[in-house]
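# Based on what follows, work out the 3D shape:
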Amino acid sequence: MRTLDFGGVTVDRVVETEGPSYHAGFIFPDATDDAVAGEKDWLLPHFLDPTSGRLLMSLHSYVIRTKLHTILVDSCIGNDKVRPSTPA
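Down below sits the predicted model:
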């Protein structure tokens, strides 16, 4: 992601990890293989990995800078959590 500039405020993305993650049905229970196949025309290549069939996702934080402050925004959904279906 390029730096975003909002009149003196900048926003940068700090990537922890990005790429293929879960199969769609893990996050969206109604996303059967057939349902996902019917949506590939807009899912590929930006939202679905064509090789693995997994969703393309990014875990990241944001750094917001103003003239007076530097703020880290981290939603804490990244690594160091138990994920039995996707070992580290």
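# Look up how far residue 6 lies from residue 65.
Per Cβ to Cβ, to the nearest Å, residue 65 is found 11 Å from residue 6. The way it works is simple: take the backbone N, C-alpha and C, and place the C-beta from them, glycine included.
# what do you get for residue 37?
40 Å.
# Then residue 25 would be within a helix, right?
Yes - counting by DSSP: H, G, I helix; E, B strand; the rest coil, residue 25 is part of a helix.
# Tell me the helices and strands packed up against whichever strand or helix holds residue 57.
Counting by DSSP states H and E, the element that carries residue 57 is strand 54-65. For strand 54-65, the elements it packs on are strand 10-23, strand 70-73, judged by 3 or more Cβ pairs under 8 Å, 6 or more residues apart in numbering; DSSP states H and E.
# contact partners of the last one?
Spelled out, it's strand 70-73. 61-65 (Cβ atoms under 8 Å, 6 or more residues apart in numbering).
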